[in-house]
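**Q** My questions concern the predicted model and sequence given below.
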Amino acid sequence: MRRLLLLAAVTGGTCAAVAAALQTGIGLVEQRLERHKLSWSARTIGPRDWTWTEISGPGLEAKSLSISLGWPTRVMVDSPAIDLEQWLHDDSGKGQTKPRGWRPPYTLEVSGTQLLWADDILTHSLSGQVYPKLTLSDGQTEIHATWHQKPETLMSGWVHGDFPHDQVYGAGRLNFSIGKRMSFELDFPKAQPDHPFIARARMPQNPMKARGVWDQKTGELAAEGSLGEVKWTATGIAKPDSYALDIRVPLTPLSDVVALFDDQIPEAKHAVIRGEVGLTAAITGPSLAMRFEPGARDLSVNGALPDSHSGQVIRWTTKRDDDAAPVHHMTGPRTSGWINKASAGWMPDAVIASEDIRFLSHPGFDLVAIQESLANAKSDERMRGGSTITQQLAKNLFLDGRRTLLRKLRELILALSLEDRMSKDAILTLYLNVVEFGPGIWGIRDAADAWFLKTPDRLTPREAAFLASILPAPRMWHEKISTTGKVPISRVNEVLARMRRRGSLSQTQYDQARAEKLRVVPPQPKG
C-alpha cells in the first residue's frame, strides 16, 4: 500500500491515480477480511485513516478495525473478543484443528481484548501490541508470546497474573506452545474453582497445577495435574468432532479431599477421618457418554456429629427454600410421637426395598449407587441420587437440599460418623421417624395416619410399599396424586417385588399384596 502511494507521488501521478491506489488498498484489506469470513456493518475512509466498524465472523468480534497510513502503518483493533477454539479451527471444512501461520508486515495493536475458549472467558480488557511480539496487559494479566516461522512451534509464550475464568479464579502463570503440537503448563498457587456442580460458592484457595500435550493432527492428549493434594491424569483422543478420554484420580486420603473445602465442611473440624477414595472415568463424545467407577478403601469417620445429636431427644430443622422460615422438629424415644422398630410393621422392609437394597451390608455408602448417580450427572448439572438410608438421614438431620459435590461430601462424612456411633437398627428407626412423606408429614406415625388413618403396625404390605414408593419426592407425588387421582402403581409393585426378592414377603403374601386394591386419599398439606 505504501509503495502504491509513493509510486503515484514520485511519478507525478494525478489525484485519480492516488484515488485508484487508495481504492486498491481498501480492496486488499476487505479481501483479507472476507477470506477469513469476516463481515462489517460500515466503513469510513479518509485520506490517511480507514475504519471498519462492527467486525464479526468465526471466532472474532470487534468494535472496529482502524488503519492509519504512514511509516510504519498502524493497525488498531478496538474491543476484540477472540474465541480461541474457533480461531484455531481450519476453514477447509475437514474438521481439523491447527494454528494459522500469520506474519503481517505492520504493527498491529489491540485495545480491550477479550479471549475466550468456547463459552468460557479466559482473560478480558487486554490492550497492547500483537505483532511482531504479542504483549498484552490489563494491569492484572500479562500475555507475552513470540511468533515463529517453523510449523513445529508457530507461537510460544506465557500468561501471568489474575485469571478471571468463569470456573477458576486466582493468580498464576501459564506457559504454552502452539504448533504441530500444543503444550501447556500452569501453576496457580491460590486457585478457587467455582462451578455449581461442586458447590454454590467458590472453593477455598488451593494450589493447582497442570501440564499436558495435545497433538492436533492425531488428537492424542496426555495431561496430569493436582488440586491441593488430590492428583489426576487424563489420556485419550480429543478432536473437534469427537473425543474419548480416560480420567483417573488414584486412591487418595479422604482427609485430603475434605481439606480442599476447608471450613466449608464444619463437621470435619474435630473429626477423625480415615481411609481413601478414588475415581476412574471414561468420557466419550460428541453425545457425551460417561462411565464412572468410584473407589474407596477402609473409610471411617468418628466425631463429626454435632453435640446436639445425642441422648433420647433429637432436634432438627427443615427449610423449604431460602426465603421460607425454618421449621423446628423434635423426635426420639422420649417424645410422644416416636415409633420404635417393633411397632413399625412392614415399613422397615418396604423402605429398605425402595430406598437402599444393600442397607444392611454397606458401611454407610454404596459405591454402586454412587456410580449410577455420577453417570447420570452432567458437568453443568447437580448431583442426583446415590444416597443410602444413612446418607439420607444425615441430609434430613443436618443438611439442606443442595445437590452439589460439597453437600455429597458432607453427607458422606456425617453418614460414616452415624455408622460409627449407631447400629443399623437404630439408624433405620431414626430415619423412619424423621423422613418426610408429604407436605408437613414427618415420620411414619404421621404418614400412616395422614394417608390411611392407621397406625404403622396396621399397614398392609401394599400400603407400606406405597408410602415407601413416594419417598424420593414426597411433595411431588402428593401434588400429582391430588391433581390426577392416579397412584404410582408400577412403583408400588416394584417395591413389593423387591420385598419378595429380599425374602421379606413369602410368595403367598406377595400374591395377596399384588391383588389388594389400594385406596389412597391424599391428605391436606400441613405446611
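**A** Looks like it came in fine. Given the structure is predicted, the values throughout are model-derived calculations rather than measurements. Numbers count the residues shown, from 1 in each chain.
**Q** switch to C-alpha atoms for all contacts and neighbour counts from now on
**A** OK.
**Q** Distance check, the closest residue to Ala268 other than its chain neighbours against Gln149.
**A** What sits nearest to Ala268 in space, not counting adjacent residues and going by C-alpha to C-alpha, 6 or more residues apart in numbering, is Ala304, at 5.8 Å. For Ala304, the distance to Gln149 (C-alpha to C-alpha, to the nearest Å) stands at 60 Å.
**Q** Neighbour count for those two, which is higher?
**A** Taking neighbours as other C-alpha atoms under 10 Å, Ala304 and Gln149 compare with Ala304 leading, 23 against 11.
**Q** Phi and psi next, for the more buried one.
**A** phi -90, psi -20 (degrees, to the nearest 10).
**Q** Report whether the expected contact of it with Ile265 is present.
**A** No. Using C-alpha atoms under 8 Å, Ala304 is not in contact with Ile265, being 9.9 Å away.
**Q** so Leu155 sits right up against Leu134, yeah?
**A** No Leu there; residue 155 is Met. No. Look at Met155 against Leu134 with C-alpha under 8 Å: they stay out of range, at 9.5 Å.
**Q** I'd like to know the beta-bridge partner residues of Pro193.
**A** Pro193 forms beta bridges with Val168, as assigned by DSSP bridges.
**Q** Quick check: it vs Val168, distance?
**A** Applying C-alpha to C-alpha, the value for Pro193 to Val168 is 4 Å.
**Q** the more surrounded of these two?
**A** Pro193 (21 against 17).
**Q** For that one, give me its contacts.
**A** Neighbour list for Pro193: Gln167, Val168, Tyr169, Arg202, Met203 [criterion: C-alpha atoms under 8 Å, 6 or more residues apart in numbering].
**Q** Show me how to select, in PyMOL, the buried members of those.
**A** Selecting only the buried entries of those in PyMOL, with 16 or more other C-alpha atoms under 10 Å as the criterion:
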select buried, resi 168+169+202+203
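**Q** Where do the helices of the protein begin and end?
**A** 2-10, 15-35, 84-87, 254-259, 347-355, 367-375, 389-398, 405-421, 424-434, 443-452, 461-469, 474-484, 489-502, 507-515 (DSSP state H).
**Q** Show me which of those has the highest average neighbour count.
**A** Among the helices of the chain, helix 461-469 has the highest mean neighbour count (mean count of other C-alpha atoms under 10 Å), at a mean of 26.
**Q** For Leu406, give me its contacts.
**A** Leu406 touches Ile198, Ala199, Phe261, Ile265, counting by C-alpha under 8 Å, 6+ apart.
**Q** okay, those in CSV with neighbour count next?
**A** Shown next, in CSV, are the contacts of Leu406 (neighbours: other C-alpha atoms under 10 Å):
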residue, neighbour count
Ile198, 22
Ala199, 20
Phe261, 18
Ile265, 18
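**Q** Arg32: which of the residues you listed is nearest?
**A** If you rank these by distance to Arg32 using C-alpha to C-alpha, Ile198 comes first, at 44.8 Å.
**Q** do you know how far the residue nearest to the closest one when sequence neighbours are not counted is from Arg445?
**A** Nearest residue to Ile198, sequence neighbours excluded (C-alpha to C-alpha, 6+ apart): Leu405, at 4.7 Å. Distance of Leu405 to Arg445, given as C-alpha to C-alpha: 33 Å.
**Q** Check Ile314 too.
**A** Where Arg445 is concerned, Ile314 sits at a distance of 16 Å (C-alpha to C-alpha).
**Q** Report how many residues lie close to Ala42.
**A** Ala42, neighbours per other C-alpha under 10 Å, totals 11.
**Q** for it, what are its contacts?
**A** Trp52, Thr53, Glu54.
**Q** Report the lowest-confidence entry in the contacts of Pro193.
**A** Within the contacts of Pro193, Gln167 has the lowest pLDDT, namely 68.
**Q** can you pull the pLDDT of the closest residue to Thr107 other than its chain neighbours?
**A** Excluding its sequence neighbours, the residue lying closest to Thr107 (C-alpha to C-alpha, 6+ apart) is Arg74, at 5.3 Å. In this model, Arg74 is scored at 83, pLDDT.
**Q** One more: the one 5 residues further on?
**A** The predicted local distance difference test score for Ser79 is 89.
**Q** For it, which non-adjacent residue is spatially closest?
**A** Ser79's closest residue in space is Gly112 (C-alpha to C-alpha, 6+ apart), at 4.4 Å.
**Q** Return the distance of the one you found relative to Pro58.
**A** Applying C-alpha to C-alpha to Gly112 and Pro58 gives a distance of 19 Å.
**Q** So between the two, which is more surrounded?
**A** Gly112 (19 against 16).
**Q** residues touching that one, list them.
**A** Contact analysis of Gly112 by C-alpha under 8 Å, 6+ apart lists Asp78, Ser79, Pro80, His124, Ser125, Leu126, Ser127.
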